[in-house]
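Participant: Sequence first, predicted coordinates after that:
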Amino acid sequence: MEPSQRSLFNPGEGARLRDIAIERVAQGADALWKRMAIVAVHEVAVEKAAFTTDEVEAKLAEMTTRQPKDKRALGAIMRAAATIGLILATERVKPSKIPQNDRRPKRVWLSLVTSPHRAATAAAGG
């Protein structure tokens, strides 16, 4: 294989390209929307021990009619929330409840700011 050719099965390259795409959509999102999205993540994390972005999107819809240009911007918000210690990514997924998502799998996030009882229940898969 030529040095300039990409391997189809290079997880490191895939992760690098994913990170670039997430950063790009985050930069394109409205600053006010990004602040509101972090608040929405925090509010959901306080209320629920485990959740998906479906709940965050619902909370955001209660807060504002603003939408990012690219819906993937919420992925960057979730990463930021994890970085500042609000949530933790799990390997679990649940089907989306949003009809337009065709029940595609969504990552389950674990709250790091909810009550200990709720967190223990969520960690046990409940």
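Facilitator: Yep, that arrived.

Participant: Please identify the helix or strand for the closest residue in space to residue 40 that isn't next to it in sequence.
Facilitator: Nearest non-adjacent residue to residue 40, counting by C-beta to C-beta, 6 or more residues apart in numbering: residue 59, 4.1 Å away. All C-beta atoms are positioned from the backbone trio N, CA, C, and that covers glycine. Using DSSP states H and E, residue 59 sits within helix 53-63.

Participant: Tell me how many other residues surround residue 26.
Facilitator: For residue 26, the count of nearby residues is 19 (other C-beta atoms under 10 Å).

Participant: oh sorry, the question was meant for residue 29
Facilitator: What residue 29 shows, counting by other C-beta under 10 Å, is a neighbour count of 20.

Participant: And the pLDDT for it?
Facilitator: pLDDT, residue 29: 76.

Participant: cool, residue 101 as well?
Facilitator: Residue 101 is given a pLDDT of 87.

Participant: What's the local residue count around it?
Facilitator: 15.

Participant: who touches it in this structure?
Facilitator: residue 54 (C-beta atoms under 8 Å, 6 or more residues apart in numbering).
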